[in-house]
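S.K.: Sequence and predicted model, in that order:
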Amino acid sequence: LGARVFIDIVINHTGWGSTLQENHPEFFLKKPDGKFASPGAWGTVWEDLVELEQHDVKLWDLVADSLIIWCRRGVDGFRCDAGYKIPTPAWQYIIARVQEEFPETIFLLEGLGGSWDATESLLTDGGMQWAYSELFQNYSGRDVAGYLDYANRQNERVGSYVHYSETHDNDRLAKKGRLWSLLRNRLCALTSPNGGFGFTCGVEWLATEKIRVHGNTGLNWDSEDNIVSELARLNQLISDHPCFFDGAKLTRLSAPDSPVYALRRESAEGKDAVLILANTDIERENSVSLPIAAVGDPHTTVDLLGQPFPKITDELQNITFHLLPGQVFCLARTFKPAGLSGDDYRRARAQAAFAFEALNKIIPIETVDGLDWRWLAEQVEHSPKNFLAAVSELAACAGKTPLAELLAEANAGKVFPRVINWTLIDARRITLVPPGHWLLIEDSAPFRATLSSQPDAKAPVHIQSIAVGSAHFACFAPTETAADAELVLERHAA
């Protein structure tokens, strides 16, 4: 299904009587009277918890070791609860330890209750990649526009901000009704940078009971009145349409105080554009007037959410859109985008990532000029083996010969490929990999692979395959050290 597994980590505190508290009380924060201190936020003290004091590298090692164990069990990333309560040096150390063995691990900051500066610091100096946005607690047109202006700037500068429509710290959206829940979910999804959108379990069933972390409130599971299909359509749209991919240009068209938020999204290729319209008021109809030059001819557009077209009024230079309470639209020229989209886009991006990672393993990638990710994807699609052979030649000549020339020579068979190809049939034999050679794994099904050196002087190396043609490939970088190694393949065959 292409899903990834994230788990929630809470490393600023434990429960009372935890193993860590019993065995290492020196790791915990104490009050002036010597008693254990409890954490809290928003003026509330969580008396069933005890707070850790994050200044001992021994504690950081314990945390990193536990996260690495979860990664070895298949976890892809971590939601870092109250991450702002952990000092930046601690996160730097922990993340570096984890990513040394699992470099693709994602750290998602839940920084609610912390300052915006703390979020920026953890996304940059701290080494995290994603962070919760605070759109979920901005409601009026003015507040929505102001926050999204900020979040979009930050997304370009420091890391991806993920718009959650609802969190466990707030009342359920459905408590105010189906219309409010639909409005907020559509607003969060359609304004999300890079398509980063999430919601709490039960939103799809219009659950109204506020989540209590230590309780068992209901999710309204299997309710006949639900928004399952609407959320499915939203997720499909932001997952497949190029206007929601990285590099898309987001431009607010509405006034800062307009109750109707208008956003133009243009794909990185420039081949597609959509117009987002959201009436942030669920009680009143509102209108927004936009320049024809910015939105094009609305009479030739469709709504990608599958709704009837909004009422419009033509003026000399403007088009006025009239939206009913809570209405949200995603308008485009056609239902099918013109640019690279869906699985084709994800496949090409994965191939480009393979190329960038291979280059960076053998030569500083910043020393290689003119690298376009689409061109790199095309070269990997043509032949992963020849690409790796050309990369080795690039390193050998210290980047003095253009990569394109070396690829042409590799494709013509003029370069000796320092690449050992391994397939399933090789599982019955010992494979020799000379120094300075890539180990390229090829299989008919998607897979993950681990290479462990014997003796275990270094951490195991973990890789994940990409699709190329009708096969799947991954590679281990060249080494100069002689050692026995064990290859473990985890195949994901149907």
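M.R.: Sure, I can see it. Residues are numbered from 1 along each chain as shown.
S.K.: buried ones in stretch 112-129?
M.R.: Neighbour-count burial for stretch 112-129, with 16 or more other C-beta atoms under 10 Å as criterion, is recorded at L112, G114, A118, T119, E120, S121, L122, L123, G126, G127, M128. Every residue, glycine included, has its C-beta placed from N, CA and C.
S.K.: ok, these vs N386, which is closest?
M.R.: G127 (34.2 Å; C-beta to C-beta).
S.K.: Now do the spatially closest residue to the closest one that is not a sequence neighbour: how many residues are near it, please.
M.R.: Excluding the flanking residues, the one nearest G127 by C-beta to C-beta, 6 or more residues apart in numbering is I95, at 4.1 Å. I95: 21 surrounding residues under other C-beta atoms under 10 Å.
S.K.: Which residues does the residue lying closest to A483 once chain neighbours are set aside form beta bridges with?
M.R.: Nearest residue to A483 in three dimensions, chain neighbours excluded: S453, at 4.7 Å (C-beta to C-beta, 6+ apart). Going by DSSP bridges, S453 is paired in beta bridges with A485.
S.K.: show me the contacts for S453.
M.R.: S453 is in contact with P460, A483, D484, A485, counting by C-beta atoms under 8 Å, 6 or more residues apart in numbering.
S.K.: Filter the residues you listed down to just the buried residues.
M.R.: Buried residues within those, counting neighbours by 16+ other C-beta under 10 Å: P460, A485.
S.K.: From the buried residues of stretch 112-129, which land in helices?
M.R.: Taking DSSP state H, the ones among those that sit in helices are A118, T119, E120, S121, L122, L123.
S.K.: Any chance of JSON lines for the residues you listed, columns distance to R72?
M.R.: Putting those into JSON lines (distance: C-beta to C-beta, whole Å) gives the following:
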{"residue": "A118", "distance to R72": "30"}
{"residue": "T119", "distance to R72": "29"}
{"residue": "E120", "distance to R72": "31"}
{"residue": "S121", "distance to R72": "29"}
{"residue": "L122", "distance to R72": "25"}
{"residue": "L123", "distance to R72": "26"}
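S.K.: What separation is there between the residue nearest to A483 and A189?
M.R.: For S453, the distance to A189 (C-beta to C-beta, to the nearest Å) stands at 45 Å.
S.K.: next one: G370
M.R.: G370 is 36 Å from A189, by C-beta to C-beta.
S.K.: Mind checking which of the two has more residues around it?
M.R.: Ranked by neighbour count (other C-beta under 10 Å), G370 and A189 place A189 first, with 25 against 8.
S.K.: quick one: contacts for that one?
M.R.: H163, S165, G195, F197, L234, N235, L237, I238.
S.K.: Quick one, which of those residues has the minimum pLDDT?
M.R.: Confidence by pLDDT is poorest for G195 among the contacts of A189, given 91.
S.K.: what number of residues lie near F197?
M.R.: Residues lying near F197 (other C-beta under 10 Å) number 24.
S.K.: need the contact list for it.
M.R.: F197 makes contact with V162, H163, Y164, S165, C188, A189, L234, N235, I238 under the criterion C-beta under 8 Å, 6+ apart.
S.K.: List just the nearest of the residues you listed to N360.
M.R.: Using C-beta to C-beta, V162 comes nearest to N360 of the contacts of F197, at 26.1 Å.
S.K.: Look up phi and psi at the closest one.
M.R.: With angles defined as degrees, to the nearest 10, V162 sits at phi -100, psi 120.
S.K.: how far away is it from G270?
M.R.: To G270, V162 is 26 Å away according to C-beta to C-beta.
S.K.: who's more crowded, those two?
M.R.: A side-by-side neighbour count of V162 and G270, using other C-beta under 10 Å, places V162 first with 24 against 11.
S.K.: That one reaches I106, doesn't it?
M.R.: No: between V162 and I106 there is no contact under C-beta atoms under 8 Å: 10.7 Å.
S.K.: Can you work out which residues contact both of the two?
M.R.: In terms of C-beta under 8 Å, 6+ apart, V162 and I106 are both contacted by the residues W130.
S.K.: where does the stretch 351-494 of the chain dip in pLDDT?
M.R.: 455-457 (pLDDT under 70).
S.K.: Pull up the distance across stretch 426-436, start to finish.
M.R.: End-to-end distance of stretch 426-436: 20 Å, with C-alpha to C-alpha, to the nearest Å as the criterion.
S.K.: Centre of the chain to that stretch, how far?
M.R.: Centroid separation for stretch 426-436 versus its chain: 35 Å, with C-alpha atoms, centre = their mean, to the nearest Å.
S.K.: And it, what's buried?
M.R.: V433.
S.K.: hmm, who's touching that stretch?
M.R.: Stretch 426-436 is contacted by residues S392, R418, I420, W422, L439, P478, T479, E480, T481, A482, L487, L489 when judged by C-beta under 8 Å, 6+ apart.
S.K.: May I see the ChimeraX selection of the buried members of these?
M.R.: Entered in ChimeraX, the line below selects the buried ones among these, by 16+ other C-beta under 10 Å:
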select :392,418,420,422,439,478,479,489
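S.K.: ok, residues contacting stretch 482-494?
M.R.: For stretch 482-494, contacts defined as C-beta under 8 Å, 6+ apart pick out 422, 424, 427, 431, 435, 441, 443-455, 457.
S.K.: 10 Å instead?
M.R.: Identification of contacts with stretch 482-494 by C-beta atoms under 10 Å, 6 or more residues apart in numbering yields 74, 422, 424, 426-427, 430-431, 433-435, 439, 441, 443-458, 460-462, 464-465, 472, 474, 476, 479.
S.K.: did I read that right, the residue nearest to G127 in a helix?
M.R.: Yes: under DSSP: H, G, I helix; E, B strand; the rest coil, I95 sits within a helix.
S.K.: who are the neighbours in contact with it?
M.R.: Here I95 is in contact with A64, L67, F78, C80, T105, F107, L122, G126, G127, M128, Q129 (C-beta under 10 Å, 6+ apart).
S.K.: returning to what we had before: so which of the contacts of A189 are in helices?
M.R.: L234, N235, L237, I238.
S.K.: from those, which would you call buried?
M.R.: The neighbour-count test (16+ other C-beta under 10 Å) marks L234, L237, I238 as buried among the ones in helices among the contacts of A189.
S.K.: Looking at these, which is nearest K400?
M.R.: The nearest one, if we look at those relative to K400 and count by C-beta to C-beta, is I238, at 43.3 Å.
S.K.: Does that closest one touch N185 like I think?
M.R.: No: counting by C-beta atoms under 10 Å, I238 does not reach N185; the two are 11.3 Å apart.
S.K.: Which residues are in contact with G74?
M.R.: G74 sits next to R4, V5, R448, E490 when contact means C-beta under 10 Å, 6+ apart.
S.K.: Closest one to D303 out of those residues, please.
M.R.: D303 has its nearest neighbour among these in R4, at 30.2 Å by C-beta to C-beta.
S.K.: Apart from its chain neighbours, what residue comes closest to that closest one?
M.R.: Distances taken as C-beta to C-beta, 6+ apart put D76 closest to R4, at 4.0 Å, once the chain neighbours are dropped.
S.K.: Quick check: pLDDT value at that neighbour.
M.R.: With respect to pLDDT, D76 has a value of 95.
S.K.: quick one: it from F107, how far?
M.R.: Distance of D76 to F107, given as C-beta to C-beta: 11 Å.
S.K.: do V419 as well
M.R.: Taken as C-beta to C-beta, the span from V419 to F107 is 33 Å.
S.K.: quick one: the helices in the stretch 51-200 of the chain?
M.R.: Along the stretch 51-200 of the chain, the segments classed as helices by DSSP state H, counting those that start in this stretch run 57-72, 88-101, 116-124, 141-157, 178-190.
S.K.: Helix 88-101 and the third one, what's the angle between them?
M.R.: In this structure, helix 116-124 runs at an angle of 30 degrees to helix 88-101, with axes from the mean of the first three to the mean of the last three C-alpha atoms, to 10 degrees as the basis.
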